[in-house]
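Q: task: produce atomic coordinates for the following.
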Amino acid sequence: MKKSLRLLCILSVLMLCNLADAANIRALTVKPSQCQALQPLLADLSTMQFPSDWTVYVACDPSTWRNILVRSDLVGKTSAAFTDRARKFTIINGMMYTPMFTFQPYTQKTPQRVLKHELGHIICDSPCEEMADRYADKGMCQ
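A: Presented below is the predicted three-dimensional model:
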């Protein structure tokens, strides 16, 4: 409960700019024009079937991502993305669209694979990492 309240606070405090009503995509940044991850993220999401009632947030800079992790008690648990199935949102680290980002510790080696993995948590309605990986690999939960 405490973690959820912390995350809700940071999402409330940050400036949220709705970028695509149909896709429910929002940038967590001061100015969306400064979010270099936005265009490639939109292109990647256009190839996937995220639910219409889902919101995908992108943390456009390292400090925003770090604040989200700290307030969500997820430091050291992810550096790419996470999904909250109960509240129907996914938060993406926009830095994964930069050459500085390393996918080495992940099974998913591209931003597209990370998004498919997160979609696996949603479609399979499961917190299970192996199931989300299976969905990313094979498009099925079982």
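
Q: all strands for this structure, in order.
A: Ranges of strands within the chain are 16-20, 25-28, 55-59, 81-84, 89-93, based on DSSP state E.

Q: ok, W54 - contacts?
A: N24, K88, F89, T90, I122 (Cβ atoms under 8 Å, 6 or more residues apart in numbering). (Glycine included, C-beta is placed from N, CA and C.)

Q: for burial, what's the neighbour tally of the first one?
A: Here the count is done by other Cβ atoms under 10 Å, and N24 has 20 residues near it.

Q: ok, it touching V58?
A: No - applying Cβ atoms under 8 Å, one finds N24 not in contact with V58, separated by 11.8 Å.

Q: C35: what's it in contact with?
A: A27, T29, V58, C60, G94.

Q: check it and give its pLDDT.
A: At C35, the pLDDT value in this model is 89.

Q: how about the nearest residue to it, chain neighbours excluded?
A: Using Cβ to Cβ, 6 or more residues apart in numbering and skipping residues adjacent in sequence, the residue nearest C35 is C60, 3.6 Å away.
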